[in-house]
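A.B. asks: Give me coordinates for this.
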Amino acid sequence: MRTQALPDVPSMTEAGYPDIEGQGWLAFIVPAGTPKEITTLLHREIVKIIALPDIQERFAALGFDPVGNTPEQAAAKFRTENAKWGKVIRAAAIRVQ
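C.D. replies: Reported below is the predicted structural model:
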């Protein structure tokens with residue numbers, strides 16, 4: 001999918017690479033053991049902020065599409081991405097230098 005920030009740049013599929021998978025994403029992270037009421041409060045306030053029209057506009061200009069997942073959804077995303085990219089790293093024998 002093309003980004004609004006670079007509408008004239010073709011997507012990977014359009015460029016002839018339909019099997020390329022990769023997506024950048026960001027998350028707010030708190031220390032393990034943070035009380036649920038704190039994570040709930042942070043999530044609620046962050047969702048309010050990213051819903052503001054001026055914030056939406058700024059994100060769109062940068063090519064971001066903010067979602068506002070719940071802490072549980074974000075944790076599931078971390079687990080899925082870690083498993084998926086861990087396989088790629090191991091298969092390619094990528095090592096820290």
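A.B. asks: so who does the residue nearest the centre of the chain touch?
C.D. replies: In the chain, the centroid-proximal residue (Cα atoms, centre = their mean) is W25; its distance is 1.9 Å. By Cβ atoms under 8 Å, 6 or more residues apart in numbering, the contact set of W25 is K77. For every residue, glycine as well, the C-beta is placed using N, CA and C.
A.B. asks: and it, which of the three is it?
C.D. replies: Assigned state for W25: coil (three-state reduction, DSSP: H, G, I helix; E, B strand; the rest coil).
A.B. asks: pLDDT score assigned to it?
C.D. replies: According to the predicted model, the pLDDT of W25 comes to 85.
A.B. asks: likewise the one 3 residues further on?
C.D. replies: pLDDT for F28: 90.
A.B. asks: picking that back up, distance of the residue nearest to the centre of the chain from I38?
C.D. replies: Shown here: W25 relative to I38, a distance of 22 Å by Cβ to Cβ, to the nearest Å.
A.B. asks: I94 too?
C.D. replies: Using Cβ to Cβ, one obtains 36 Å as the distance from I94 to I38.
A.B. asks: cool, and A51?
C.D. replies: A51 sits at a distance of 21 Å from I38 (criterion: Cβ to Cβ).
A.B. asks: what number of residues lie near W85?
C.D. replies: In terms of burial, W85 registers 12 neighbours under the definition other Cβ atoms under 10 Å.
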